[in-house]
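Chemist: just coords:
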Ligand code: HSE
């Protein structure tokens, strides 16, 4: 028996919501989990890059694979040992670009294995295992449930989360550069502690984002998508981020320009034809920096992980 699931890409943080906010995008990885034919043959992991565009060679194909680690924890949860399974990952989500490719693999492995086992774990268990393997819940939550999600890793290991309806006319454009950025590196540049002023700044902005989304208030959203926790420190790793923020900060119908997850992808939120009007100038910023960039505009993905 085998189970295949499709899991959406995600963009985490949305500016001030570091390790807390995330949104799903309609771009999918497919993960298949099956029992191997030969008992005792151990774990087998195949990775297929359907675009032949990303560096999938660096993704582990042994027990260090994130999907396998998550599945192992699921088996532990039911008092069994994971063995003799085959995992096939068809990647369509760009790797190491800040679009939740690792979260999708973790969530996909878990949901598929859970189906294969007859659904012993509920969503709360799957989410807490996924967040444990990923280290933070902001990508795995929208990857599992779709939509715009708030999530909080609680002291007992559970994840508290909430999904808020995203305004239908707010578009999500991702500017995906042709280079990778390892999340570990992007987290290593963050300071151990920040000032109370910067913390208070982010609390204000993050609270405002929730209300802006809830009430589809574009003017409030424009004021909310600011951050002092992570973006100022990561700016030096992300070509064009500073220039794009300067370019877009006062443009009509552009609601925000933020680092997607840990980068290097940049997320621009817009309405009406705000993005289209700025597009040639945006492209020029990347051209001037000699960075190739894939620009894609999406609507929100609201379904999350599905068995197919
Ligand atoms: N919140 C995480 C970060 C997302 O910014 O490091 C990356 O996985």
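Modeler: It's in. What you see is a predicted model, and the numbers here were worked out from it, not measured in a lab. Numbers count the residues shown, from 1 in each chain.

Chemist: Give me the average confidence score over the lengthiest strand in the chain.
Modeler: Longest strand of the chain, by residue count under DSSP state E: strand 21-35. Mean pLDDT, strand 21-35: 96.

Chemist: Between strand 21-35 and the following helix or strand past it, find me the angle.
Modeler: Following strand 21-35 in sequence order, the next helix or strand is strand 44-49 (DSSP states H and E). With axes from the mean of the first three to the mean of the last three Cα atoms, to 10 degrees defining the directions, strand 44-49 sits at 130 degrees from strand 21-35.

Chemist: can you give me the helices in the stretch 1-150 of the chain?
Modeler: Secondary structure of the stretch 1-150 of the chain (DSSP state H, counting those that start in this stretch): helices located at 66-77, 101-116, 123-134, 140-145.

Chemist: so which of those gets nearest residue 292?
Modeler: helix 101-116 (18.9 Å; Cβ to Cβ). Where C-beta positions appear, they are placed from N, C-alpha and C, glycine not excepted.

Chemist: Pull out the buried positions in stretch 26-42.
Modeler: By 16 or more other Cβ atoms under 10 Å, the buried positions in stretch 26-42 come out as 27, 28, 29, 30, 31, 32, 33, 34.

Chemist: no, scratch that, I was asking about stretch 228-241
Modeler: Neighbour-count burial for stretch 228-241 [16+ other Cβ under 10 Å]: 228, 229, 230, 231, 233, 234, 235, 237, 238, 239, 240, 241.

Chemist: what's the answer for stretch 155-164, then?
Modeler: Those would be 159, 161, 163, for stretch 155-164 by 16+ other Cβ under 10 Å.

Chemist: what does whatever helix or strand the last one lives in contact?
Modeler: Residue 163 is located in strand 159-164, with elements delineated by DSSP H and E. Counting by Cβ atoms under 8 Å, 6 or more residues apart in numbering, strand 159-164 makes contact with 124, 127-128, 131, 137, 141-142, 145-154, 210, 213-214, all of which sit outside it.

Chemist: let's see it at 10 Å
Modeler: With contacts defined as Cβ atoms under 10 Å, 6 or more residues apart in numbering, strand 159-164 is touched by 20-22, 24, 123-124, 126-132, 136-138, 140-142, 144-154, 209-211, 213-214, 302, 304.
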